[in-house]
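Novice: What would the 3D arrangement of this be:
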Amino acid sequence: MKKTEIILKEGYPFILTSGALFILSLLFGFSLFWQILFFALFAFFLYFFRNPARIPEDESPGAIISPSDGTIIEISEAISPITKKEAIKISIRLSIFDVHIQRAPISGEMSAREYIHGTFLSLNSEKASELNEQNRVLFQNEDTQIVVNQIAGFITRRIVMFRDLGPIKLAERYGMIMLGSQVDVYLPKNTIVKVTEFQKVYAGESLIGYVYEEN
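Specialist: This next block holds a predicted model:
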């Protein structure tokens, strides 16, 4: 499914409700506090559900693009879900001000998916990556396999998929998490990582590594 709208339709219930409350607050003469509050909510939801276009900074063979906006909070070694192989794990934390749409890190196939019904611990908890509700997707092509894991937080409690498994292009939108969350990316062990901890990255745009690098 193509997601080309400027504002995601998933945000319409929030935007329309807050917009209607703002209009009612004007019509019925609510206090200035309520008028400002409803307008602030309306403006926030418009901003939160924005859907900007993105261009990958590198589309060469082997390039891996960030699947999510956010700040890299940890780079470590781990066993990848789905493939059960040793991997380099990059954890990306999203704030409520980040675009919450996830995109394909490589061109190829979305070939497997696991949805884990779990808890909704704060993402500051060490157990959150393991126990919280999450959606794992395997992306693969002739050269590599990459697993992207969307993890819901205490506030989030909803993960949305825009499309089914099948062929997918680099940086194509495939899903989103609502309101503050975390995305873990599991890269093959032979990846040359091009990002560092505490670096800001953007979905569909920022280069995070190469599976194969010349020289």
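Novice: which helices and strands sit right next to the worst-scoring helix or strand of the chain on mean pLDDT?
Specialist: Scoring the helices and strands of the chain by mean pLDDT, DSSP states H and E places helix 128-131 at the bottom, with a mean of 76. In this structure, helix 128-131 packs against strand 145-152, strand 181-188, with contacts taken as 3 or more CB pairs under 8 Å, 6 or more residues apart in numbering; DSSP states H and E. (Glycine included, C-beta is placed from N, CA and C.)
Novice: Provide a list of residues in contact with Gly209.
Specialist: 63-64, 88, 187, 191-195 (CB atoms under 8 Å, 6 or more residues apart in numbering).
Novice: Am I right that Phe42 falls within a strand?
Specialist: No - per DSSP: H, G, I helix; E, B strand; the rest coil, Phe42 lies outside any strand segment and is helix.
Novice: does Thr17 sit in a helix or strand, and which one?
Specialist: helix 12-27 (DSSP states H and E).
Novice: Quick check, pLDDT for Asn141.
Specialist: Note on Asn141: pLDDT of 93.
Novice: separation between it and Phe39?
Specialist: Distance from Asn141 to Phe39, counting by CB to CB, to the nearest Å: 47 Å.
Novice: where along this structure do the strands fall?
Specialist: Applying DSSP state E to the chain gives strands spanning 63-65, 70-79, 86-94, 101-103, 108-116, 134-140, 145-152, 159-161, 166-168, 173-177, 181-188, 192-193, 200-201, 207-210.
Novice: Now render the ones you listed as a markdown table, adding distance to Phe14.
Specialist: As requested, the strands of the chain are exported to a markdown table (distance: least, CB to CB, whole Å):
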| stretch | distance to Phe14 |
| --- | --- |
| strand 63-65 | 29 |
| strand 70-79 | 21 |
| strand 86-94 | 17 |
| strand 101-103 | 15 |
| strand 108-116 | 23 |
| strand 134-140 | 21 |
| strand 145-152 | 17 |
| strand 159-161 | 13 |
| strand 166-168 | 27 |
| strand 173-177 | 13 |
| strand 181-188 | 16 |
| strand 192-193 | 36 |
| strand 200-201 | 26 |
| strand 207-210 | 30 |
